[in-house]
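K.L.:
show me how the following folds:
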Amino acid sequence: MRAALMQRGRIWVDDLEMPEPGPGELLVRSLACGICGSDLHAAAHTDEFVATSREAGGAFKLTTFDPVVLGHEFAAELIDYGPDTERELKPGAVLCSVPVLTRAAALPIGYSDEAHGAFAECFLLSERLALPVPAGTPAHLAALTEPMAVGLHAVRKAAVGEGVTALVLGCGPVGLAVVTALKAAGAGAIIATDFSPGRRDFAAAQGADLLLDPAQADPFEQPDIRAAKDLVVFECVGVPGMLDGVFLGAPRNARIVVVGVCLQTDHIRPLIAVNKELNVQFVLGYSLAEFAETLKGIAEGTLAVEGLVTGRVGLNEVADAFEALSSPQQHAKIIVEPRR
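P.N.:
Numbers count the residues shown, from 1 in each chain. Next up is the predicted model:
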């Protein structure tokens, strides 16, 4: 089978052996898979990603310098079963899944040389985590379930409801997922910031009420922010210095949700947060229930995602797509379709 491999930033297409499903696993054909910001980080900052993963552990990790097949935001078609499977899902069913193989030692799909991701013609899923995609839902939209679940989880962790003012710092894929989830949750006001006019336009289309260029205006000096009785700041950038800057700018008693993943060593000044009694919440991923809820929301249209898909490419175009995503002006989400 053909697959796009990545090793320390180099991306190329090669032929690999067809994977064989083990106990409780399914063989699936990749229909659509989004390129995640984490994939871009893994390619651009492999050494930091591996070093931090080996030290910290956890579900979100890349622990090898060997070639990997990325791709963990997917929709796929069921082909065959491994041993000890229930087989309630029938061949031809379109599936989404949390990107993990539940073996003795769980393997992250797309970040392990033992568990290929969906930038391949075929890969493996754990049957007990697979969810059928509701009929009529396009595969390229169902593939957005994983990243949109990240946004939903962040908003749920912040307990955002009506009347809450939300400030979203960064309108890349993660920030856009947060904006979309905030809109669905009925947030009182959604303020989004990004240096890129293109990304600000995407945020507006997803429901942001006010768009700011941080090069032109300090978001923490905006009247809506200063007057907010309940302010939640979503840090969706993940670069050194962002969190300390949020501490410095945020008003007293603000809640801060750290969604962006900073792979480099960072520093903060705790005294600033202490003096302001800031509440800081780090978030990761989503629950199984939130993943299923997100798929249902995409299928029913309560989570509007169609406008986020700005490109669809085949395996031979993956390297070019990574390059295109390094510029924030044109794309929100590029979908890889291996059969394209």
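
K.L.:
list the buried residues in the helix or strand hosting L125.
P.N.:
If you go by DSSP states H and E, L125 is part of strand 122-126. Using 16 or more other C-beta atoms under 10 Å as the burial criterion, the residues of strand 122-126 that qualify are C122, F123, L124, L125, S126. In short, each C-beta sits where N, CA and C put it, glycine included.

K.L.:
quickly list what the third one is bridged to.
P.N.:
Bridge pairing for L124 (DSSP bridges) gives the partners L27.

K.L.:
circling back: tabulate the buried residues of strand 122-126 (JSON lines), appending distance to S287 and pLDDT.
P.N.:
Formatted as JSON lines, the buried residues of strand 122-126 follow (distance: C-beta to C-beta, whole Å; pLDDT from 0 to 100):
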{"residue": "C122", "distance to S287": "28", "pLDDT": "98"}
{"residue": "F123", "distance to S287": "23", "pLDDT": "98"}
{"residue": "L124", "distance to S287": "22", "pLDDT": "98"}
{"residue": "L125", "distance to S287": "18", "pLDDT": "98"}
{"residue": "S126", "distance to S287": "16", "pLDDT": "98"}
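
K.L.:
hang on, the earlier thing: and the strand holding L125, how far out from the chain middle?
P.N.:
Centroid separation between strand 122-126 and its chain, computed with C-alpha atoms, centre = their mean, to the nearest Å, is 19 Å.

K.L.:
who are the packing partners of it?
P.N.:
strand 25-34, strand 73-81, strand 94-97, strand 100-101 (3 or more C-beta pairs under 8 Å, 6 or more residues apart in numbering; DSSP states H and E).

K.L.:
format those as a markdown table; extra columns: distance to A184.
P.N.:
As requested, the helices and strands packed on strand 122-126 are arranged in a markdown table below (distance: least, C-beta to C-beta, whole Å):
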| stretch | distance to A184 |
| --- | --- |
| strand 25-34 | 19 |
| strand 73-81 | 19 |
| strand 94-97 | 18 |
| strand 100-101 | 25 |
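
K.L.:
before we move on, the earlier item: which one of the buried residues of strand 122-126 is nearest I298?
P.N.:
L125 (18.5 Å; C-beta to C-beta).

K.L.:
worst-scoring helix or strand of this protein, pLDDT-wise?
P.N.:
helix 46-56 (a mean of 76; mean pLDDT, DSSP states H and E).

K.L.:
distance between the ends of stretch 180-191?
P.N.:
This stretch, stretch 180-191, spans 12 Å end to end (C-alpha to C-alpha, to the nearest Å).

K.L.:
still on that earlier bit, following the strand holding L125, which helix or strand shows up next?
P.N.:
Taking DSSP H and E, what comes next after strand 122-126 is strand 130-132.

K.L.:
next, the buried residues of that next one.
P.N.:
Of all the residues in strand 130-132, those buried under the rule 16+ other C-beta under 10 Å are A130, L131.

K.L.:
got it, and stretch 182-196?
P.N.:
182-185, 187-194, 196.

K.L.:
closest one to I272 out of those, please.
P.N.:
Using C-beta to C-beta as the measure, the one of the buried residues of stretch 182-196 that approaches I272 most closely is T193, at 19.9 Å.

K.L.:
quick one: contacts for that closest one?
P.N.:
Residues near T193 by C-beta atoms under 8 Å, 6 or more residues apart in numbering: L167, V168, L169, G170, C171, R200, L211, L212, D213, P214, P219.

K.L.:
could you rerun that using 7 Å?
P.N.:
L169, L212, P214, P219 (C-beta atoms under 7 Å, 6 or more residues apart in numbering).

K.L.:
burial measure for the nearest residue to it once chain neighbours are set aside, as a count.
P.N.:
Excluding the flanking residues, the one nearest T193 by C-beta to C-beta, 6 or more residues apart in numbering is L212, at 4.5 Å. By other C-beta atoms under 10 Å, the residues close to L212 number 20.

K.L.:
then the one 10 residues further on?
P.N.:
For Q222, the neighbour count with other C-beta under 10 Å is 16.

K.L.:
what's the answer for G249, then?
P.N.:
Quick note: G249 (other C-beta under 10 Å) scores 17 neighbours.

K.L.:
repeat that for M242.
P.N.:
Neighbour tally, M242, other C-beta under 10 Å: 19.

K.L.:
ok, now how distant is it from I256?
P.N.:
Taking C-beta to C-beta, to the nearest Å as the measure, M242 falls 10 Å from I256.
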